[in-house]
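[1] Next come a sequence and a model predicted from it.
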Amino acid sequence: MPADTTPRRPRTVDGYLRLMARTILAAGLAWSTVEALWPALNAAFEGFSARKVAAFRPADIERILQEPGVLQNRKKVEAVVAAARLLCEARDRHGSVTAWLQSFPTGQERVRALRRAPYVGRFGAFYVLSVVGFEVPEECRFQSKGGPAGPLRTTALQTVS
């Protein structure tokens with residue numbers, strides 16, 4: 001994960017999808033790998049329009065897997081589509097993804113809700129919650145190089161919208 005998680009509450013479901021997609025696609029990889037592939041991923045996933053990605057069918061997944069410069073991992077591509085569907089459903093039921101997350105009385109319930117998306121593990125869910133401005137439990141904080149333990153921080157997500 002990147003080193004800076006300065007809160008940036010996405011304003012749209014698309015912004016949440018970009019954040020979730022980065023988390024899903026980075027699972028098991030160096031964050032820099034996903035960053036290097038991001039322009040191709042952004043194009044393949046149609047700008048991470050949650051509405052468009054949620055409507056993807058098997059042919060769309062096949063198209064993405066054939067795109068040069070895109071991770072050739074079917075399960076991760078399918079996980080991004082599942083995340084888009086989860087986020088669109090949350091927005092439709094609650095008016096926004098932020099309202100959906102706020103509807104859970106505890107952080108652990110928010111974590112469980114985010115983990116409904118494949119490839120979003122416990123740490124990934126804490127990361128997403130931290131970036132969008134929710135408190136994360138102390139056990140999710142880490143010791144940064146040369147600095148005190150503190151909440152996650154990210155510079156890679158400055159353009160979440």
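    Ah, there it is. All of these numbers come straight from a predicted model, not from anything done at the bench.
[2] so how far is the longest helix seen in the chain from its chain's centroid?
    Counting by DSSP state H, the longest helix found in the chain is helix 74-94. Relative to its chain's centre, helix 74-94 lies at 10 Å (C-alpha atoms, centre = their mean, to the nearest Å).
[3] do stretch 122-133 as well
    Counting by C-alpha atoms, centre = their mean, stretch 122-133 is centred 9 Å from the centre of its parent chain.
[4] Give me the buried positions along that stretch.
    Neighbour-count burial for stretch 122-133, with 16 or more other C-beta atoms under 10 Å as criterion, is recorded at 123-132. The C-beta positions use only the backbone N, C-alpha and C, and glycine is treated the same way.
[5] So what's the residue count around R22?
    When neighbours are counted by other C-beta atoms under 10 Å, R22 registers 26.
[6] ok now do A44, which residues does it touch?
    63-64, 67, 70 (C-beta atoms under 8 Å, 6 or more residues apart in numbering).
[7] Could you rerun that using 7 Å?
    Residues in contact with A44, defined by C-beta atoms under 7 Å, 6 or more residues apart in numbering, are 64, 67, 70.
[8] Show me how to select, in PyMOL, the buried members of those.
    The following PyMOL line selects those of the contacts of A44 that are buried, judged by 16+ other C-beta under 10 Å:
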select buried, resi 64+70
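[9] of the contacts of A44, closest to T23?
    Within the contacts of A44, the smallest distance to T23 is 16.8 Å, found for V70 (C-beta to C-beta).
[10] What are the boundaries of the helices in the chain?
    Along the chain, counting by DSSP H, helices occupy 13-26, 31-44, 50-54, 58-66, 74-94, 97-102, 107-114, 122-131.
[11] Pull the residues that contact the third one.
    What it means is helix 50-54. Under the criterion C-beta under 7 Å, 6+ apart, residues 13-14, 17, 45-46, 80-81, 84-85, 87-88 lie in contact with helix 50-54.
[12] The residue most central in space within the chain and A30: what is the separation?
    Against the mean C-alpha coordinate of the chain, by C-alpha atoms, centre = their mean, the closest residue is M20 at 1.1 Å. Using C-beta to C-beta, to the nearest Å, we find M20 at a distance of 19 Å from A30.
[13] now do F126
    Relative to A30, F126 is positioned 19 Å away (criterion: C-beta to C-beta).
[14] neighbours of the residue nearest to P118 when sequence neighbours are not counted, just the number please.
    In this structure, P118 finds its nearest non-sequential neighbour in A79, 3.8 Å apart by C-beta to C-beta, 6 or more residues apart in numbering. Using other C-beta under 10 Å, A79 has 21 neighbouring residues.
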